[in-house]
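Participant: what's the 3D shape of this:
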Amino acid sequence: MTKPNDHMKNQGVRFEHEDLTTKSVVAFLVGLAVFTLVVHFALKVSFGFADRYYTAHEKAEPLTARPADPHLPTQSDVDKFPQPRLETDERIEIFPFREAEEKQLNSYGTDAKTGAIHIPIDRAMQLVAQRGLNTTPKTGEAPPAIVNMVKQAAERSDQSGGATGLEKTGVQVQTPGK
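Facilitator: Purely as a prediction, here's the structure:
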C-alpha cells in the first residue's frame, strides 16, 4: 500500500535504524578504565626503575658531602632557612603569642619603640561611651575654630574642677566672634 506523500520522498535517502546500546557504552568505559590503570602502573614501574638505577649509579663527588637521602632536608638546611618558618605544632607555638596579645589588650603600658600608650579594652570602651568619637562636620557646616576645639578639649580633660591650664598661666584666650 502506498502512502499519499510517497512520491515526494527521495528513495536514495535512508537513516540508521540502530542506536548505541548500553552494553557498548559500558564496555567502552570499562576499557578506558583498564587502559588508564595499565598506563598508571607502567609509568610507576618505569619511574621507580629509573630512580633506583640512577641512585645506584650516581658517582660520588669527592669535594661535596651529601646526606643519605638528598630529598630530605638536614637540620643545618632548616637553620639556614629565614624566618618565619613552618609551624610544627600550631597549638603549642601560638599560645605564647596569644598570651602576649591578651596581656597587652588588658593592661596599661607604653610601647618602648614608638612611645605609644595602650589602655585596657574595657576602659577604652568606657571612655568612648563618655566622650564619644571625633566626628567630621556635616556638609555645608563650617568647622569649629581650632582655638575653640583646643579649649573644649582642655576643659574636658581638666580633672581639677578649676580653670583650664591656659587661664592658670595668665594667658587670655580670645575666641572668634566674641
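
Participant: element containing residue 129?
Facilitator: Assigned by DSSP states H and E, residue 129 belongs to helix 121-131.

Participant: and the contacts of that helix?
Facilitator: The contact list for helix 121-131 (C-beta atoms under 8 Å, 6 or more residues apart in numbering) reads 105, 106, 119, 156. To be clear about C-beta, it is placed using only N, CA and C from the backbone, and glycine gets the same treatment.

Participant: nearest to residue 135 among those?
Facilitator: residue 156 (14.9 Å; C-beta to C-beta).

Participant: what about the helix holding residue 129, average pLDDT?
Facilitator: Across helix 121-131, pLDDT averages out at 89.

Participant: going forward, begin numbering at 350 instead of 1
Facilitator: With the count now opening at 350, the last piece we talked about shows up as helix 470-480.

Participant: any idea which helix or strand comes after that helix?
Facilitator: Following helix 470-480 toward the C-terminus (DSSP H and E): helix 495-506.

Participant: one step back: gap between the helix holding residue 478 and the chain center?
Facilitator: The chain centroid and the centroid of helix 470-480 are separated by 31 Å under C-alpha atoms, centre = their mean, to the nearest Å.

Participant: and it, which residues are buried?
Facilitator: Buried residues in helix 470-480, counting neighbours by 16 or more other C-beta atoms under 10 Å, are absent.
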